[in-house]
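> Would you be able to build a 3D model of this:
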Amino acid sequence: QVQLVESGGGLVQPGGSLRLSCVVSGATLDHGAVGWFRQAPGKEREAISCISNHDGNTYYMDSVKDRFTISRDNAKNTVLLQMNNLKPDDTAVYYCAKGPFRSTSWWLEVMYDYWGRGTQVTVSS
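Model prediction:
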């Protein structure tokens, strides 16, 4: 059974940093992709980043590009999301998800088969 568990969320001031972790069990990171999504209060869940497990290519939405960095640690079966220069608009529950990889549709929720339960990130002074 594939499970994903997020951690690393918390309260941070604007301009601060957090690093989220997504530990994957029941599957390796050799295939497919792991994506990060977020859902802010009153808004729909949106994709923010993805890493292709096959070649390590990374993808970002414009809203987080140049501030967030996705990476993986295959030995620990973990995908990381380093978030810098956080803004109040980044406040959301952050989810990781795993599924087959399609470069042309990595941002679509339907492309992911397994989801974590989320970790709360709050950016506030």
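> does the most centrally placed residue in the chain sit in a helix or strand, and which one?
Residue closest to the mean C-alpha point of the chain, counted by CA atoms, centre = their mean, is Trp36 at 2.2 Å. Here Trp36, judged by DSSP states H and E, is contained in strand 33-39.
> which parts of that strand are buried?
Within strand 33-39, the residues that count as buried by 16 or more other CB atoms under 10 Å are Ala33, Val34, Gly35, Trp36, Phe37, Arg38. C-beta: built from backbone N, CA, C; applies to glycine.
> ditto for stretch 105-125
Result for stretch 105-125 [16+ other CB under 10 Å]: buried residues Trp106, Trp107, Met111, Tyr112, Tyr114, Trp115, Gly116, Gly118, Thr119, Val121, Val123.
> Check which element follows the strand holding Trp36 along the chain.
Counting by DSSP H and E, the next helix or strand C-terminal to strand 33-39 is strand 46-52.
> between that next one and strand 33-39, how big is the angle?
Angle, strand 46-52 to strand 33-39, by axes from the mean of the first three to the mean of the last three CA atoms, to 10 degrees: 170 degrees.
> Quick one: list the elements packing against strand 46-52.
Where contact means 3 or more CB pairs under 8 Å, 6 or more residues apart in numbering; DSSP states H and E, strand 46-52 is packed against strand 33-39, strand 58-60, strand 68-73.
> now the ones you listed in CSV, with distance to Gly99 and mean pLDDT?
Listed next are these as CSV, based on distance: least, CB to CB, whole Å; pLDDT from 0 to 100:
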stretch, distance to Gly99, mean pLDDT
strand 33-39, 6, 97
strand 58-60, 14, 96
strand 68-73, 15, 96
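> out of these, which comes closest to Ala97?
strand 33-39 (5.1 Å; CB to CB).
> so Asp89 sits in a strand?
No. According to DSSP: H, G, I helix; E, B strand; the rest coil, Asp89 belongs to no strand; its state is helix.
> so who does it touch?
Residues in contact with Asp89 (CB atoms under 8 Å, 6 or more residues apart in numbering) are Ala40, Ser63, Val123.
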